[in-house]
Every structure is written in structure tokens, then in C-alpha cells.
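J.: take a look and give me a structure for this.
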Amino acid sequence: MLFYSVVVPVYNRPQEVAELLESLTQQTFTNFEVLIIEDGSTNKCLDVVDTYRSKLNLYYFFKENSGQGFTRNYGFAKAKGDYIVVFDSDCIIPKDYFKEVDSFLESNKVDAFGGPDKAHPDFNDLQKAISYSMTSPLTTGGIRGNKKHVGKFHPRSFNMGISKEVFEKTQGYKITRMGEDIEFSIRILKEGFSTALIPNAFVYHKRRTSLSQLYKQLHFFGRARINVNRFWPGEVKLVHLLPLFFVLGLLVWLSTLWLYMPLFKVGAVLLCLYFTIIFWHSTLKSHNINVGFLSMISSFMQLLGYGMGMIAEVIKPRGNQFFAQK
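T.: Numbers count the residues shown, from 1 in each chain. Just a heads-up that it's a prediction; the model follows:
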């Protein structure tokens, strides 16, 4: 039986930490510790942590703000586990998560792993729609957290685990923002470590709770993808550019409204067909027609935000300032 260290960076989100810790108390496999690393928050979660000390092998640390990448490194250095598991504070962990992970690792020796994310049944319709757009094979979600992915599996830091050896060799995150999890995954693979997706080790990921927040987050993700390519040229694959092609295609299509109406009508039909497919796919998957309708909107915002972020980072780079060696 392996021992696990859970590292959770937190910045001004005590309510999320309460939900995360509550879910960890329900685990059927309990051979783990939890390290909450407060990253310079003004709205601290210490009171929340104190209510769970008797229920979990739990540690709390407060440090100056340095960004979530370096905050995870702080936790990695203090972890005692054979594997270090990273969760975002807005995750809820199913009760059999560690049972699934331990069972997999006992049979499959890998250095790093990750799992998918899903919408919790208690999420509201918009949260479910956002979860759909972030995980669907009909959007860019199809290249993250699935059995079929681009090249070798790249774990993502909302739900990932690394062995102690991985941290000792890589020294953890080198970018505190703008694609730190992508860069870390790339470096793990380039160091020769093995990775795997554990399909049943999923988490419920809240993500954003409004369309404006979703757009802002995806715009940042688009910038991050371009930023990472500066450090690892060639890591932006054709499939990663799909949101960019979507935005450029949208602009070309809109221009045909004045230039050539028949082409505009063809584009309108294709666009309607695409989002109709998203509507029915989401509706059938969620058994909720309202989620299907909202999924069309969230998918549009996802593609638009990511594509516009890529364009913005090419035109006016901001990413390099976040790069730092530790």
C-alpha cells in the first residue's frame, strides 16, 4: 500500500477548501496526508482547516504570495508521500478516488499520472454546461483528460500525481503562471519519466461559475499555450490551434456578409450545424435540455476566448515576465 501526500494551493477560497476537505473525509482509502498551502491570502482558510484536523492527517502552511506553481513546489518539499497528488481548491473528490489510484499504481508502475474531471450532479446547469465545453470531444476539451490525446499523456495540475523522484529530478514548476502545468508536464516527459491517465480517478471540477469568468479564464489559457511554446518550441500542435482557426474563420465568415452573401449563408448553415450537434450531444449526455442550450453558449465562449488569447499573446506578449527558475 502506497502513501500519498495531497497538496492544495489556496488563494482566498475558504469555502472551496471546506468542500474539498469534506470530500476527502469520505475516502474509502485513507493512507494519505493533506497539505493546504495558503498563498498569501487575505481571506484565509485556517478556521476551515481547524475544523477538519481531527478527521484528516492535515497540515496547514501560510506563505507569501508567489503564484500557484511555486506554491505547489512549497508543498512538494514538505510532502512525505511516495506520490504527491495535486488538486485545485475548487475540486470535489469522489470517495473511491484513492482506491482507484492505488489499485492502478500497484499494477502499473508509472512516475506521473492524471485523471479526468466531471460535473457533479449538484452543480447548477451553467456549471454543467461549462464542464461539458471543457471536456467534450467536440471542443478543445477533447484534447485534455481523455484516453485519446495528442502524443503522450500530459497530466494537468487540477488532478495529477507525481512520484517523489519526479519532484527531486525536475524541482517542480518553473513557471508560476501562464501555462505552468503544461510546461511541467512537458518537462516530466522530456526527463524520461512515464505517465498515464487513470480514467476512473476523476474529480468533480467546479471551474468558473459565469460566462464572463469562463471567457477570461480561456483567454488566459490561450495566452499560456503560446507562452509555453517559447520555452519548448514545437509544443503547439495543429490541434491546439483549432480555437485560433475558429476565430479566424469567424472573422472571415462575418466579412462575407458584405462581400459575398451566398458564402455567408453557407457559413451560417455550417455554424448552426456545429452548434446544433453540440446542443444534442450535451442534452443527451446530461439528460437536460437547458444544459444543452447553455453548452452551445459556453462552447462558443470557450473557443472564442482561447483563440483570442492566442492572438493577443502573439500581438502583445506578456508571458515571458512570469518565467523564473527556482
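J.: quick check, central residue of this protein?
T.: Centroid-nearest residue in the chain, with C-alpha atoms, centre = their mean: Phe158, separated by 4.9 Å.
J.: so that residue sits against Phe202, correct?
T.: No - with contact defined as C-beta atoms under 8 Å, Phe158 and Phe202 do not form a contacting pair (10.9 Å). Yep, even glycine has a C-beta here, placed from its N, CA and C like the rest.
J.: give me the common contacts of the two.
T.: Asp117 (C-beta atoms under 8 Å, 6 or more residues apart in numbering).
J.: find me the pLDDT at Leu241, would you?
T.: Residue-level confidence at Leu241 comes out at 89, pLDDT.
J.: switch to numbering from 216
T.: Sure, I'll start counting at 216 from here, so that last one is Leu456.
J.: any idea which element the closest residue in space to it that isn't next to it in sequence lies in?
T.: Spatial nearest neighbour of Leu456, excluding adjacent residues (C-beta to C-beta, 6 or more residues apart in numbering): Met525 at 7.5 Å. Following DSSP states H and E, one finds Met525 within helix 504-530.
J.: would you mind pulling up the elements that that helix packs against?
T.: If contacts are counted by 3 or more C-beta pairs under 8 Å, 6 or more residues apart in numbering; DSSP states H and E, helix 504-530 sits against helix 340-350, helix 426-446, helix 457-474, helix 476-501.
J.: roughly how far out does that helix sit from the chain middle?
T.: When C-alpha coordinates are averaged (C-alpha atoms, centre = their mean, to the nearest Å), helix 504-530 and its chain have centres 16 Å apart.
J.: now it against helix 476-501, angle please.
T.: Interaxial angle, helix 504-530 versus helix 476-501 (axes from the mean of the first three to the mean of the last three C-alpha atoms, to 10 degrees): 120 degrees.
J.: so for helix 504-530, what gets flagged as buried?
T.: By neighbour count with 16 or more other C-beta atoms under 10 Å, helix 504-530 contains the buried residues 506-507, 509-528.
J.: equivalent analysis for stretch 283-298, please.
T.: For stretch 283-298, by 16+ other C-beta under 10 Å, it's 283-291, 294, 296-298.
J.: narrow those to those in helices?
T.: Assigned to helices by DSSP state H, the following of these qualify: 283-291.
J.: can you lay out those as CSV showing pLDDT and distance to Ile413?
T.: Output for those, formatted as CSV (pLDDT from 0 to 100; distance: C-beta to C-beta, whole Å):
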residue, pLDDT, distance to Ile413
Gln283, 88, 23
Gly284, 91, 23
Phe285, 94, 26
Thr286, 94, 24
Arg287, 95, 20
Asn288, 96, 23
Tyr289, 96, 26
Gly290, 97, 21
Phe291, 97, 20
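J.: show me which of those residues is closest to Val222.
T.: Gly290 (3.5 Å; C-beta to C-beta).
J.: is that closest one in contact with Val249, as I believe?
T.: No - Gly290 lies out of contact with Val249 (C-beta under 8 Å); the separation is 9.9 Å.
J.: list the residues that contact both of these two?
T.: Here Gly290 and Val249 have 220, 223 as joint contacts, going by C-beta under 8 Å, 6+ apart.
J.: how about the contacts made by Leu472?
T.: By C-beta under 8 Å, 6+ apart, the contact set of Leu472 is Phe479.
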